[in-house]
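J.: Please work out how this folds:
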Amino acid sequence: VQLQASGGGLVQAGGSLRLSCATSGRTFSSSAMGWFRQAPGKEREFVASISSNGRRTRYAASVKGRFTISSVNTWNTLVHLEMNSLKPEDTAAYYCARGDYSGTDMIPNYWGQGTLVTVSS
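T.: Numbers count the residues shown, from 1 in each chain. Next comes the predicted model:
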């Protein structure tokens, strides 16, 4: 399974960006998708996730109401993260991941490469 993330860039505070994650390879297992981010000097943290059927989404408190995760198709082979009202504290490398739900937590089994989001004040 390979994950390819794209869509990062430089944006002013209050602006918007859309990240995308495309999956190739064996997609019928570990079909929940999620986004995580890691800011310089900080640990990687959960941002958002979507279940394999797209019916369940979950967000970190820091992004709830501003970010939206969505899937284009049933197997989550193309997933987007719409990011609105961006803040400087959203600056980080964003990683998409594919995995399974354990309770309410999405547990990654596969990772994509990071895409950098920089929000200027």
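
J.: Closest to the centroid, which residue in the chain?
T.: residue 35 (2.3 Å; C-alpha atoms, centre = their mean).

J.: who's that one bridged to?
T.: Beta-bridge partners recorded for residue 35 (DSSP bridges): residue 48, residue 96.

J.: any idea how far residue 121 is from it?
T.: Going from residue 35 to residue 121 by C-beta to C-beta, to the nearest Å gives 23 Å. Glycine gets a C-beta too; all of them are placed from N, C-alpha and C.

J.: All the strands of this protein, residue numbers only.
T.: If DSSP state E is used as the criterion, the strands of the chain fall at 2-6, 9-12, 17-24, 32-38, 45-50, 57-59, 67-71, 78-83, 92-102, 105-111, 115-120.

J.: Tell me which of these sits most buried.
T.: Sort the strands of the chain by mean neighbour count, taking mean count of other C-beta atoms under 10 Å, and strand 32-38 sits at the top with a mean of 24.

J.: any idea of the angle that one forms with strand 67-71?
T.: Using axes from the mean of the first three to the mean of the last three C-alpha atoms, to 10 degrees, the direction of strand 32-38 lies 150 degrees away from that of strand 67-71.

J.: counting contacts, what elements does strand 32-38 pack onto?
T.: strand 17-24, strand 45-50, strand 67-71, strand 92-102, strand 105-111 (3 or more C-beta pairs under 8 Å, 6 or more residues apart in numbering; DSSP states H and E).

J.: What average pLDDT does it get?
T.: For strand 32-38, the mean pLDDT works out to 96.

J.: Enumerate every residue touching residue 106.
T.: Listed by C-beta atoms under 8 Å, 6 or more residues apart in numbering, the contact set of residue 106 reads 32, 33, 34, 46, 49, 58, 97, 99, 100.
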